[in-house]
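**Student:** Any chance you could fold what I've pasted below:
(chains A and B)
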Amino acid sequence: MTRTARFFGHVAAWLGPAGLVACLVFAAPALAGGTEAGPDVVQAVNRLTYGPTPGLLDKAATMGAAAFIDAQLAPEPQPEPPELERALAGLPTLQKDTVRLFREYGPPAEEGRAEGPEAMRRTFDRADAVALEAAKARLLRAVASPNQLTELMVAFWCDHLGLGPKKGLSHLWIGSYEREAIRPHALGNFFDLLAATAMHPAMLMAQDNWKNVVVREAGKPARDSIDATYATVLLNRQTLGPGGPQKPADVQALARILTGWRVGAARADSDTGGFYFDAERHDPSDKVLLGQRIKGTGFGEGAAALRLLVEHPATAKNVSRKLAVFFLADDPLPALVARLADTFQKTGGDIRQTLRALFTSPEFQDDKYRGGRVKSPLRQVASALRALGAFPADAAGLVGVLAALGQPLPGDAAEGALAPAAQWAKAEALPRRVSLAGDLAAGRIAGCTPPTIDPAALAQTLGPTLSPAARQAAERGGVAVILASPDFVKY
Amino acid sequence: MRRRDALRVLAGLGALSLVPGAALAKKADRKGEAKSDGKSEGKSGGREPAKLSWREGKQLVVVLLQGGPDGLSMAAPTADPLYAVLRPTTALTAEAGTDLGNGFRLHPALTLLAPLYARKQLAVIPACAMPGQGATHAAALADFAAGAPAAQRKGKTGAAGWLGRLALALGGERSQMVVASQSEAYDGAPHYAMLAPGRGESLPGLPVEDQTLFDAAVKLYGQTGGSLGKAFAAGREARQEQLAKLLEESRRAAAGAVPAPHFAEFGPRLGKELAKRRDAALGFVAVGGFDTHSGQGAAKGYLADRFRDLGQGLAGMLAGLGPAAADTVVVALGEFGRTARENAFGGTDNGLGGVMLVLGGPVAGGRVVGPWPGLAGHRLAGGRDIAAATDWREAVAAIAVTHLGLPEKRIPDIFPGLAPGQMLGGLMG
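**Tutor:** Numbers count the residues shown, from 1 in each chain, chains lettered A, B, ... in the order given. Prediction:
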């Protein structure tokens, strides 16, 4: 593209319909004047976003809590700000699908492998670089995307359907797993989400389902080589959950159903997924899962099994409970969980409808749940940057901060979004947040120089969640005191 | 213990006769011969005073950066994508300091050394360490002095210091050495003269955390922290204890060395002294202040100030050497390096691989020498330290052979475990 064309591209982005919407959204608080954000608005903003940005509470107050929740649940994403678009465009591996990532960053072809361990280390180096870009993207979006609920749900699903610790080259695909399997379905249908993750090479490798096969060799009887790792995780964690009705025989049956789900070479340029169903490695017999007969139909068995699992009441309860924990409290009321599970079941696993039921429930606005959570490190960092109105020029330093605070982003085996509040309230963790607040406010974090703002402006952004004591202390000690205060650590 | 007594006498003497260089040189020389290690006593009378220059005046000066300076700050691998991840508050930016090529940048506080790099009189060796060396200051200093890790020197007897053995190998009774700090590295040398650095500026303490901010936080968590209040108080107490321990360690780590702020002015003096004493093949000085467990800083801060001291001292030493710098090689290195990831106090902890600087006329510089292992987790030693990609002894061996004329087969005598021929290639012109 020529420079002129690029220039017109930018202008068009600003003046086009999307740009206009963005301008209006940003202008809204100024027009609204001083509508005071009530506790319901504060709760909605704190729980559906990574934290208030300057003017966001005012804007939400003008809209009202219900409209704010609706806007975050809306299927049409809001346009991302240009600085975020530019930053993401600067991370080239974000544009590459699973197959291309493997071709360009994966292990060298056969002759290269002869080089031994050093060649393998170089492959891991490349995978690390790819995973780092995925981590940066996650953090930048958490800070600056207007689609905050989507970002929270991406983090939620990346944990619930997590890949676990680094295994082989699976972390090469941590970013493409998020982009291809999680992100498109984060607020969509749970069946689609589950199917997309089950077929993604990252999951096939991380949970060893690619090894789950029946071996057939000419002249010999078929030999079972069942690996139930993924089937176990799928039942005990991702669907029915711990305490579900599954028995060891169900795990074995599910593993057999999923035999022959493999990672394959792309057969055509249009083939971007890297998934391959190998009928030759599949067990064609009929199976019994949770008391139901699944006919041996090859690839179709998997779909039937996933459908059975998604529709099971135990799955509805497991997923609903986790959502209530993530958005509300470590020990959500059973009655609330039951109502959410009901919605989940009635809507066939519609995530958006289940969330709507949660956000509009009376429990969601119950006083006892306000300010009762401790921020995860990702939320701590993202909320601080959002409140300061900062956008990092380079997110690498912040990715390091997250690791130091105990929540390494993807690429380092994350298991953070679903951790209970107590996990983040440990004695040694809190003083670290205080020193982080000082480093952040003083611009000591690499790649991140926040704009200079006074404590009063920061207090204004955070609204009524900030105690008078913290406001007062900040008048003497500066904005770092606010970012270090218990009021800011809780939400 | 005899050697130590002698050193005390000499140190006092050097301090008394500060400026008149020639007088000092003669005195220290005489005393050095008379009072140094027992071996040389009685034989020194037969030796002619330094009327001939020793091996045409070739010198090697070892500057031990005591405490272990952070290699990732001194020569920062800013092109490594993981650098900023591991160093959120201590990383240099890709624009800071001087471009060394190969993705490295020289710390901006070492800017006095940049012209040397441009003139190809400075080579930088990253990821430099003795494999298998100790991880505490005391153990690492002992390993450095011995020129071999503890595991390899079991059962070996004789002279303990590698500089002492090098002095013997170079010329037996005739070799000379100028030292300015105590170290077991030159134990066993037949002669040495002690040049006392005198009293100068002492080290400032390491910076601690932002007191105002923590005071405010302590108060707020007590008042409004609720259940977080107790956890915070406990964490705060543990943190302060840990910090106090680290600061105490840093203080101890600098003991016995010339404090870096004083080295800035002592370096030129040492250079002039070395220029006058071309019969001294070897020199040694330890500079303290590089153990940075907290508040290390990045382009500015505590470590930047120590680097400035060091740059002034080293550049001043070469300036003091004058034309003699053309025949002098100065190496500067720590007893170890530091962790790849910064710690909870904005500092770095004791680690393996550090940086070695090699300066002087005979150096084939202007280059980053030796491999760079990288910062990915699977590249780090023990998952936390910069791996030892270059053994500093191979660099010294190269200098000893090509510059000082040490017969190559003598290398194992200096560094047990190192084979003849194990020399760092391309370091000397």
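**Student:** chain center to stretch A:453-469, what's the gap?
**Tutor:** 29 Å (CA atoms, centre = their mean, to the nearest Å).
**Student:** And it, what's buried?
**Tutor:** Neighbour-count burial for stretch A:453-469 flags A:453, A:455, A:458-463, A:465-467, A:469 (criterion: 16 or more other CB atoms under 10 Å in any protein chain shown). Every C-beta, even on glycine, is put in place using the N, C-alpha and C of the backbone.
**Student:** One more: stretch A:212-223?
**Tutor:** Those buried within stretch A:212-223 under the rule 16+ other CB under 10 Å are A:212-214.
**Student:** What residues does residue 295 make contact with?
**Tutor:** I'll assume chain A. A:286, A:301, A:304 (CB atoms under 8 Å, 6 or more residues apart in numbering or on different chains).
**Student:** Correction: the question concerned chain B.
**Tutor:** Counted by CB under 8 Å, 6+ apart, residue B:295 has contacts B:206-209, B:301-302, B:345-347.
**Student:** Is the spatially closest residue to it that is not a sequence neighbour in a helix, a strand, or coil?
**Tutor:** Nearest residue to residue B:295 in three dimensions, chain neighbours excluded: residue B:207, at 3.1 Å (CB to CB, 6 or more residues apart in numbering or on different chains). Assigned state for residue B:207: coil (three-state reduction, DSSP: H, G, I helix; E, B strand; the rest coil).
**Student:** how close does residue B:207 get to residue B:347?
**Tutor:** From residue B:207 over to residue B:347 the distance is 9 Å, taken as CB to CB, to the nearest Å.
**Student:** So for these two, which residues contact both of them?
**Tutor:** With CB under 8 Å, 6+ apart, residue B:207 and residue B:347 have common neighbours B:294-295.
**Student:** hmm, back to that, out of the buried residues of stretch A:212-223, the closest to residue B:80 would be?
**Tutor:** residue A:212 (38.2 Å; CB to CB).
**Student:** Spell out which parts of the stretch 1-150 of chain A neighbour chain B.
**Tutor:** The stretch 1-150 of chain A comes close to chain B at residues A:121, A:124-125, A:128-129, A:132, as judged by CB under 8 Å from any CB of the partner chain.
**Student:** quick one, strands of the stretch 1-150 of chain B?
**Tutor:** Using DSSP state E, counting those that start in this stretch, the strands of the stretch 1-150 of chain B run over residues B:59-66, B:75-76, B:98-101, B:104-106, B:122-128.
**Student:** Deepest-packed of those, please.
**Tutor:** Among the strands of the stretch 1-150 of chain B, ranked by average contacts under mean count of other CB atoms under 10 Å in any protein chain shown, first place goes to strand B:75-76 (a mean of 30).
**Student:** Give me the sheet partners of that one and which way each runs.
**Tutor:** strand B:104-106 (antiparallel) (DSSP bridges).
**Student:** re the thing from before, got TSV for the buried residues of stretch A:453-469, with secondary structure and distance to residue A:104 too?
**Tutor:** Below are the buried residues of stretch A:453-469 laid out as TSV (DSSP: H, G, I helix; E, B strand; the rest coil; distance: CB to CB, whole Å):
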residue	secondary structure	distance to residue A:104
A:453	coil	42
A:455	helix	48
A:458	helix	43
A:459	helix	48
A:460	helix	47
A:461	helix	42
A:462	helix	44
A:463	helix	47
A:465	helix	46
A:466	coil	48
A:467	coil	52
A:469	helix	54
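**Student:** In a markdown table, list the residues you listed along with distance to chain B.
**Tutor:** Listed next are those as a markdown table, based on distance: CB to the nearest CB, whole Å:
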| residue | distance to chain B |
| --- | --- |
| A:453 | 17 |
| A:455 | 11 |
| A:458 | 14 |
| A:459 | 14 |
| A:460 | 19 |
| A:461 | 18 |
| A:462 | 14 |
| A:463 | 16 |
| A:465 | 11 |
| A:466 | 10 |
| A:467 | 5 |
| A:469 | 5 |
